[in-house]
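> any chance you could fold what I've pasted below:
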Amino acid sequence: MNKQPVIHVVEGDDAVRDSIAMLLQVDDFVVHLYPSGVAFLRQADLAETSCLVIDMHLPGLSGAAVLGLLRSWRIPIRIVAMINIADVDPCCVAMDRDPLLLDSVLLKKPFSGLDLLRSIDIVTRRGRSTESAIENMTAEADRGWDEYRAGMRFEGVPGR
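Model prediction:
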């Protein structure tokens with residue numbers, strides 16, 4: 001049974017947050033909404049998170065500060081960071097290279113619903129391919145180990 005992807009949306013503008021929620025719910029995502037970085041950090045259960053969609057320029061605790069806290073707490077997470085095209089913060093650019101932020105996309109405002117859905121697909125697909133690659137490597141190593149053990153166990157043993 002496949003679970004529905006869980007998306008956390010942190011956006012200070014009520015209308016934008018509600019629009020994003022409607023778009024994602026129509027596309028069959030489970031959506032949790034937060035009006036601020038503080039609300040997100042207090043309320044979010046990150047264990048089942050598929051993706052965090054966050055405005056980098058939130059009032060109060062900024063999106064960059066939220067990501068900094070997640071990084072300092074060593075919480076790996078997939079990110080779609082919404083940024084204003086006029087003020088790309090250097091920390092947003094550095095976010096793209098942070099190994100704890102498993103996969104991330106910078107989404108420049110204004111953007112379309114299709115842009116948002118594509119960005120979420122990119123980060124979640126990258127995550128699936130990374131997890132799949134790890135599973136494949138593990139399975140290959142297990143097969144190799146089984147073959148090695150089988151050879152050791154029976155090779156040169158009389159009656160086998």
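> after the helix or strand of the chain at the bottom of the mean pLDDT ranking, which helix or strand is next?
When the helices and strands of the chain are scored by mean pLDDT, DSSP states H and E, helix 90-95 comes last with a mean of 54. Along the chain past helix 90-95, the next helix or strand (assigned with DSSP states H and E) turns out to be strand 104-109.
> strand partners of that following strand, parallel vs antiparallel please.
If you go by DSSP bridges, strand 104-109 pairs up with strand 79-84 (parallel).
> excluding covalently adjacent residues, which one is nearest to residue 66?
residue 37 (4.1 Å; Cβ to Cβ, 6 or more residues apart in numbering). Every residue, glycine included, has its C-beta placed from N, CA and C.
> next: residue 48.
Counting by Cβ to Cβ, 6+ apart, the residue nearest residue 48 is residue 6, at 5.0 Å.
> just the element for residue 24, please.
Assigned by DSSP H and E, residue 24 falls in helix 14-26.
> please read the previous query as pertaining to residue 67.
For residue 67, the host element (DSSP H and E) is helix 63-72.
> the residue nearest to residue 48: neighbour count?
Neighbour count for residue 6, taken as other Cβ atoms under 10 Å: 18.
> tell me how far it lies from residue 40.
13 Å (Cβ to Cβ, to the nearest Å).
> repeat for residue 77
When residue 77 is compared with residue 40 (using Cβ to Cβ), they lie 11 Å apart.
> how about residue 14?
Taken as Cβ to Cβ, the span from residue 14 to residue 40 is 15 Å.
> cool, and residue 10?
In terms of Cβ to Cβ, residue 10 sits 5 Å off from residue 40.
> who has more neighbours out of the two?
residue 10 (26 against 23).
> for the helix holding residue 67, packing partners?
Contacts defined by 3 or more Cβ pairs under 8 Å, 6 or more residues apart in numbering; DSSP states H and E place helix 63-72 against helix 37-43, strand 51-55, strand 79-84, helix 90-95.
> name the strands paired with the second one and say parallel or antiparallel.
Sheet neighbours of strand 51-55, with direction, are listed as strand 6-10 (parallel), strand 79-84 (parallel) (DSSP bridges).
> alright, I will stop here.
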